[in-house]
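Trainee: got a structure for you, letters missing:
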């Protein structure tokens with residue numbers, strides 16, 4: 001009904017005029033169909049709106065010094081670092097670069113930091 005009403009008006013606001021200029025370029029007829037006859041549209045118009053949740057992710061900067069301190073506090077990683085300092089060939093997938101523990105070229109994080 002609102003579209004039929006809009007097309008019959010002599011004076012309409014600027015926003016509606018923009019809409020009309022877009023739709024008047026098409027050849028169409030508008031026929032009103034009450035909700036009882038138009039079950040699908042009626043059901044959709046009565047459907048309750050479900051609020052959407054948006055996840056906000058903020059990347060956290062990794063402080064290499066903090067990770068090094070946490071590695072020093074972790075007993076398992078301390079043992080691994082000590083073994084690497086003694087004999088690198090015992091753990092070939094691990095390496096120490098500038099005091100940082102790497103596994104296959106990737107920084108090793110203590111369990112508490114994961």
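Mentor: Thanks, I have the structure now. What you see is a predicted model; the values in this text were computed from it and never measured. Numbers count the residues shown, from 1 in each chain.

Trainee: not counting its own residues, what contacts the helix ranked longest in the chain?
Mentor: Taking DSSP state H as the criterion, the chain has its longest helix at helix 75-86. Contacting residues not belonging to helix 75-86 are listed as 71, 72, 90, 91, 94, 95, 96, 101, 108, 110 [CB atoms under 8 Å, 6 or more residues apart in numbering]. Just so you know, the C-beta spots here come from the backbone N, C-alpha and C atoms, and that holds for glycine as well.

Trainee: any idea which of these is closest to residue 37?
Mentor: residue 110 (66.6 Å; CB to CB).

Trainee: give me the pLDDT value at the closest one.
Mentor: As predicted, residue 110 sits at a pLDDT of 84.

Trainee: swap in residue 50?
Mentor: For residue 50, pLDDT reads 67.

Trainee: repeat for residue 103
Mentor: The model's pLDDT for residue 103 equals 93.

Trainee: next, give phi and psi for it.
Mentor: Phi and psi for residue 103, reported as degrees, to the nearest 10, are phi -120, psi 120.
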